[in-house]
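J.: A predicted structure for the sequence below; I have some questions about it.
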Protein chains: 2
Amino acid sequence: MAENWTDVPTLPAAVADWIARGIVAERWPDGARLRETEIAAELGVSRGPVREALRVLGERGLVRLVPRVGAVVNGMSRDTISEVYELRAHIEALICRSAVPRLTDADKDRLRGLLDQIIALRNANRVDEMLTTCWEFRETLYRPSSNRTALDLVRSLRTRLHSIPQVLRDDPQHIALAMTFYVRVTQAAVDGDTSAVERLVSEFMIKTGEQAVAAFRPGTAATTPARPGTPAWS
Amino acid sequence: MAENWTDVPTLPAAVADWIARGIVAERWPDGARLRETEIAAELGVSRGPVREALRVLGERGLVRLVPRVGAVVNGMSRDTISEVYELRAHIEALICRSAVPRLTDADKDRLRGLLDQIIALRNANRVDEMLTTCWEFRETLYRPSSNRTALDLVRSLRTRLHSIPQVLRDDPQHIALAMTFYVRVTQAAVDGDTSAVERLVSEFMIKTGEQAVAAFRPGTAATTPARPGTPAWS
DNA sequence: CATCGTCATACTGTTGACAATGAACGATCT
DNA sequence: AGATCGTTCATTGTCAACAGTATGACGATG
């Protein structure tokens, strides 16, 4: 090893993350072969961790593993983006169905606080911190759900396209949509209005998907290097 | 290598399959540690493929990967079963929404033919072949869907609990439910009644989940060795 | 008798090397 | 000239070995 991977929990996970970032940043074009040797050399690790990372990414759908050939990039397309957001609309609404009735008063206070933070950070134009807070909000809202399987699934789906959010990051139209969403969903959650939360979440996901598809250029995706700490939308 | 893994495409996939079967067959209890060395020795392979297999199973949710400790079995519980079926109810209904309108006349003929086969095999008490045909029916119904991501997801979820279907295999109550479902869904699909198909699929999944939960004994799951060719319900 | 520290052991994390297979290229034949 | 075949190289598949860490037992100590 020769880089700064010392503080990361496990090496294969770090490698998987690195490759995933590269894919969503369009470092490799769609259909490109990911050669284990190259990646291993570039990261200063051996091929073992790289292979394991590729298996994980294959299972997650970011690459396609062809026997005796290796991993080829499963590029993002408008269809894929649309599909993933459609899925998330349904699954996250499902999560809310069991989560909202279980929200404690403390949870609700926390949601209100996070909303205030989001608004403040938005007004201060501190986008990155706002994104982090948004995700925290979402996690807080979903956490009480009884369906842990669904929660894991959403997290997995989210990693699958956290480049798209980068595109949306500076889209004022999306920010407006998001702000409205967070305000309304907080109100609905605090009121314990489960079906309203479901509807809001679903609609937000659908519309976000549409915006993402519209903003997507199949070859001019994220020019941002996507630094390790940079959070993502949605 | 010393066994009969010569016919399988790739070694890690075969190992993953072997371990998955072991887990669903309760070869290892919930929370048990899967030692790479043991498995490697038992299968006559090295630790490399075993590690890769465990990463895949970790991503799929069958095991939990603890850094510096290894893989521990993520046992099936009533909650998990219920969760997975609830998810499938929603996702498979979503698939139908885009699949049914795209069914060609050839597809519909094929569905009718498969239904006839299912009924015939059921009357002949050839359960295993019937299960295969049922899954073929489902695949045919879903295939036209535009949402490939969702299709992959369902396949992944399905592998996650293909022990449970074994429990349902000889449950006359479930067979009755299934027969009714396949008859009705065929009719609805042929008629192009999308919402009816959605509703039927969703209900079938929910009820199947309930039956699976009821039939589940957390420690006396599948006594069947689950041979490679054996298909599964749902 | 319970609890804590120490040590041996077993297991995982990672690496480099070897074997086998697929892809690319050039030579040869029609 | 075009197509086919054989050769060479690159890349994946697999393995055995080494290094580092958690685990469990054993004994010392309060």
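T.: Done, it's in.
J.: now do the SS call for the residue of chain A most remote from its centre.
T.: Among residues of chain A, the one most distant from the C-alpha centroid is A:Arg68; the distance is 31.1 Å, by Cα atoms, centre = their mean. What DSSP: H, G, I helix; E, B strand; the rest coil gives for A:Arg68 is coil.
J.: pull the residues that contact the helix or strand where A:Val197 lies.
T.: When elements are assigned from DSSP states H and E, A:Val197 belongs to helix A:194-215. The contact list for helix A:194-215 (Cβ atoms under 8 Å, 6 or more residues apart in numbering or on different chains) reads A:78, A:81-82, A:84-86, A:88-90, A:92-93, A:96-97, A:100-101, A:141, A:161, A:164-165, A:167-168, A:171, A:173-174, A:177-178, A:181, A:184-185, A:188-189, A:233-234. Where C-beta positions appear, they are placed from N, C-alpha and C, glycine not excepted.
J.: among those residues, which lie within helices?
T.: Per DSSP state H, helices hold the following members of those: A:78, A:81-82, A:84-86, A:88-90, A:92-93, A:96-97, A:141, A:164-165, A:167-168, A:173-174, A:177-178, A:181, A:184-185, A:188-189.
J.: mind checking pLDDT for the nearest residue to A:Val100 once chain neighbours are set aside?
T.: Counting by Cβ to Cβ, 6 or more residues apart in numbering or on different chains, A:Val100 lies nearest to A:Thr194, which is 4.3 Å off, once chain neighbours are set aside. Model confidence at A:Thr194, expressed as pLDDT, equals 97.
J.: give me the number of neighbouring residues for A:Thr194.
T.: Residues within reach of A:Thr194, counting by other Cβ atoms under 10 Å in any protein chain shown, total 17.
J.: the one 4 residues further on now?
T.: Applying the criterion other Cβ under 10 Å, we find 22 residues in the vicinity of A:Glu198.
J.: A:Gly31 now?
T.: Applying other Cβ under 10 Å, we find 10 residues neighbouring A:Gly31.
J.: quick check: it vs B:Asp152, distance?
T.: Computed as Cβ to Cβ, to the nearest Å, the A:Gly31 to B:Asp152 distance reads 18 Å.
J.: between the helix holding A:Val197 and helix A:78-99, what angle do the directions make?
T.: 160 degrees (axes from the mean of the first three to the mean of the last three Cα atoms, to 10 degrees).
J.: in chain A, where is pLDDT below threshold?
T.: Counting by pLDDT under 70, chain A contains low-confidence residues at A:1-8, A:162-164, A:218-234.
J.: how is it partitioned into domains?
T.: Following automatic domain parsing, chain A resolves into domains at A:11-73, A:78-215.
J.: who in chain A is up against DNA strand D?
T.: Listed as neighbours of DNA strand D in chain A under the rule Cβ under 7 Å from any atom of the strand: A:33-37, A:47-48, A:51, A:67-71.
J.: try it again with 10 Å
T.: Neighbours of DNA strand D within chain A, by Cβ under 10 Å from any atom of the strand: A:33-41, A:46-48, A:50-51, A:54-55, A:65-72.
J.: now a PyMOL select for only the buried ones of those residues.
T.: In PyMOL syntax, the buried subset of the residues of chain A next to DNA strand D is picked out as below (16 or more other Cβ atoms under 10 Å in any protein chain shown):
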select buried, chain A and resi 34+36+39+40+48+50+51+54+55+65+70+71+72
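J.: which residue, other than its chain neighbours, is closest to A:Met205?
T.: Closest to A:Met205 by Cβ to Cβ, 6+ apart is A:Ala89, at 3.7 Å.
J.: for chain A, which residue gets nearest to DNA strand D?
T.: A:Gly70 (3.1 Å; Cβ to the nearest atom of the strand).
J.: how about that residue: what's its closest non-neighbour residue?
T.: Nearest one to A:Gly70, counting by Cβ to Cβ, 6+ apart, is A:Arg33 at 5.7 Å.
J.: ok, what's across the strand from that neighbour?
T.: Note on A:Arg33: beta-bridge partners A:Val72, judged by DSSP bridges.
J.: how far away is it from B:Ala16?
T.: Counting by Cβ to Cβ, the gap from A:Arg33 to B:Ala16 is 23 Å.
J.: and the residue nearest in space to the middle of chain A, what element?
T.: Centroid-nearest residue in chain A: A:Arg158, 3.2 Å away (criterion: Cα atoms, centre = their mean). Element membership for A:Arg158 (DSSP H and E) is helix A:148-159.
J.: just the buried residues of that helix, please?
T.: Residues of helix A:148-159 classed as buried: A:149-151, A:153-154, A:156-159 (neighbour count, 16+ other Cβ under 10 Å).
J.: the residue nearest to A:Val127 when sequence neighbours are not counted and A:Phe216, how far apart?
T.: Nearest residue to A:Val127, sequence neighbours excluded (Cβ to Cβ, 6+ apart): A:Arg169, at 6.4 Å. Between A:Arg169 and A:Phe216 the computed distance is 13 Å (Cβ to Cβ).
J.: interface residues of chain A facing DNA strand C?
T.: So chain A meets DNA strand C at A:1-2, A:5-6, A:8-15, A:33, A:36-37, A:40-41, A:43-53, A:66-70 (Cβ under 10 Å from any atom of the strand).
J.: and those, which of them are in helices?
T.: A:11-15, A:36-37, A:40-41, A:43, A:47-53.
J.: ok, and which of these reach chain B?
T.: A:12, A:48, A:51-52 (Cβ under 8 Å from any Cβ of the partner chain).
J.: quick revisit: for the helix holding A:Arg158, enumerate the helices and strands it packs against.
T.: helix A:78-99, helix B:78-99 (3 or more Cβ pairs under 8 Å, 6 or more residues apart in numbering or on different chains; DSSP states H and E).
J.: who are the contact partners of A:Ile91?
T.: Contacts of A:Ile91 were listed using Cβ under 8 Å, 6+ apart, and they are A:150, A:153-154, A:157, B:87, B:90-91.
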